[in-house]
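[1] Sequence and predicted structure below; questions after.
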Amino acid sequence: MIRAHPRGTALAAALALTVLAGLSRPAAAAAPGAAHRNWLADAAAASATLQRRGITVGGFAQIDGSHVLAGGIPHALGFDLQRLIDLSLTVSTRRLLGWRGGTVFIDAQSHSGANVVQHQVPALADPDNMDAYAETSVDRAWYQQDLHGRKIRVRAGLMYVDDQFFTVPYGGNFVSLDFSSDASISTFVLPTYPKGAWGADVFVHPNRHLSFSAGVFRDHESELPYDPGGALLVSEEAWHGRWGGLPVAVQAGAWVDTGRFQRFSGGVTHSAAGAYLVASGALWRPAGAHGRGISGFLQFGAAPGTVAAVRRHYGAGLVWTGPWASRPHDEFGLAYSDSRLSAAAGFPRRFEREIETYYQFDASHGWTVQPDLEYWQHPGGGLTPDTVLGLIRVMLTF
């Protein structure tokens, strides 16, 4: 999961204002080193001005490299390198306009376009959740209003559905798509990265333990080779509590898509529906060590096998944050995924399994370096030999 870095966020925001300010005033002679000191002072002042007005600029730059160590497609690309730059703008309407509870969010990204599925491993669940086509675009733009002391939240605009639904706590740092969402819908019709969908959702938090949510999304992107049209409707209920003094959560959701879907056996069905369940929580925390410890998750998803390639998905993972006291922000992850495939789809094998492990080094000032190893059994339902994929992810969050 991406962690914001306050110093980098302020610096990114300040940089834009500093450049504009520099263009609008004449240059003056300065002693050696004075220009550098002046730039830092301008950056700090611009950052403070933006924050006082409720404007936050942030984002990240990421490079992923991957290499097939065994298996893969015939003549697989030996080394695949792709990059992503993401910039976001968040505005608090209370600070800027005096309107309480409002938030405006705009996010833009630029992707280089390399694709692990096409070049190396054609797995149904993408081995690299950063894969996308080459494009620079605005992928999200929404307005959110909090009501009744934040017990109700309404959001509308261009959104990723799995920013709000299908989320897997502690699964966000795994490189494979299997563990950041649910494969039974993420390989089917889920509107998500790299292109959001227009829609609206509402979240109700009657107390600190329970939440209820629902959303509707149109013009959504599809993993299918055709456009089913229609709209995606999602609902989710969640419980947050403590077990043995440690935080735990359970999420249960259901979805219906009103599109027209082509059956594998022929003909068309006018809708598709499914459900999902996620249980997550902290399993162990060392005494007096804030943020460190072992956490885990279990996930299940179901989709109709008449039209969806993945009819059932099971997943489980463990994440150990701060394995050593001297490195409290490093992270080790290990996870297993089992996708049961539709018999009607005609795959040579009826399942696609994955084991992934990573170690994320927290460098400094927003930098992380993450070696990652994935083993795929019957990727693409057996269309490709069992594969071992090595990856490395380098990220700067600001």
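    Right, received. Where do you want to start? Numbering: from 1, shown residues only.
[2] Quick check: beta-bridge partners of V204?
    When bridges are called by DSSP bridges, V204 pairs up with I152, F212.
[3] pretty sure it contacts S213?
    Yes. Applying CB atoms under 8 Å, one finds V204 in contact with S213, separated by 7.1 Å. C-betas here are computed from N, CA, C, even on glycine.
[4] Neighbour count for those two, which is higher?
    A direct count of neighbours by other CB atoms under 10 Å for V204 and S213 places S213 higher, at 19 against 15.
[5] OK, contacts around the residue nearest to that one when sequence neighbours are not counted?
    In this structure, S213 finds its nearest non-sequential neighbour in F203, 4.4 Å apart by CB to CB, 6 or more residues apart in numbering. Contact analysis of F203 by CB atoms under 8 Å, 6 or more residues apart in numbering lists I152, R153, R155, Q164, S211, F212, S213.
[6] quick one: which of the residues you listed is nearest V394?
    The closest of the contacts of F203 to V394 turns out to be Q164 (CB to CB; 28.3 Å).
[7] Apart from its chain neighbours, what residue comes closest to the closest one?
    Nearest to Q164 is D201, by CB to CB, 6+ apart, at 5.7 Å.
[8] Tell me how many other residues surround the one you found.
    23.
[9] Surely it is in a strand?
    Yes. Assigned with DSSP: H, G, I helix; E, B strand; the rest coil, D201 falls within a strand.
[10] Show the residue spans covered by the helices in this protein.
    With DSSP state H as the criterion, the chain has helices at 6-23, 34-52, 93-97, 116-119, 183-186.
[11] Give me the pLDDT for the nearest residue to A282 once chain neighbours are set aside.
    In this structure, A282 finds its nearest non-sequential neighbour in L246, 4.1 Å apart by CB to CB, 6+ apart. In this model, L246 is scored at 95, pLDDT.
[12] do L11 as well
    pLDDT at L11 comes out at 39.
[13] can you start the count at 58 instead of 1 from here on
    Sure, I'll start counting at 58 from here, so that last one is L68.
[14] Provide a list of residues in contact with V218.
    L247, P248, T249, A254, G256, G272, F274, H277, L289, V291.
[15] I142 against I120, yeah?
    No. Judged on CB under 8 Å, I142 makes no contact with I120 at a distance of 9.9 Å.
[16] how close does T113 sit to L453?
    Going from T113 to L453 by CB to CB, to the nearest Å gives 17 Å.
[17] Looking at those two, which is more packed in?
    Using other CB under 10 Å, the more surrounded residue of T113 and L453 is T113, with 20 against 17.
[18] what about the more buried one, distance to D203?
    17 Å.
[19] now swap in V426 and tell me
    From V426 to D203 the distance is 37 Å (CB to CB).
[20] Of those two, give the one with the bigger neighbour count.
    Per other CB under 10 Å, whichever of V426 and D203 has more neighbours is D203, with 17 against 13.
[21] Let me see the contact set for that one.
    G158, G159, T160, I209, R210.
[22] how about the fourth one, what does it touch?
    By CB under 8 Å, 6+ apart, I209 lies in contact with D203, V259, F260, V261, H262.
[23] Rebuild the residues you listed as a markdown table, extending it with distance to L234 and pLDDT.
    A markdown table is the format used below for the contacts of I209 (distance: CB to CB, whole Å; pLDDT from 0 to 100):
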| residue | distance to L234 | pLDDT |
| --- | --- | --- |
| D203 | 31 | 97 |
| V259 | 27 | 98 |
| F260 | 24 | 97 |
| V261 | 29 | 98 |
| H262 | 28 | 95 |
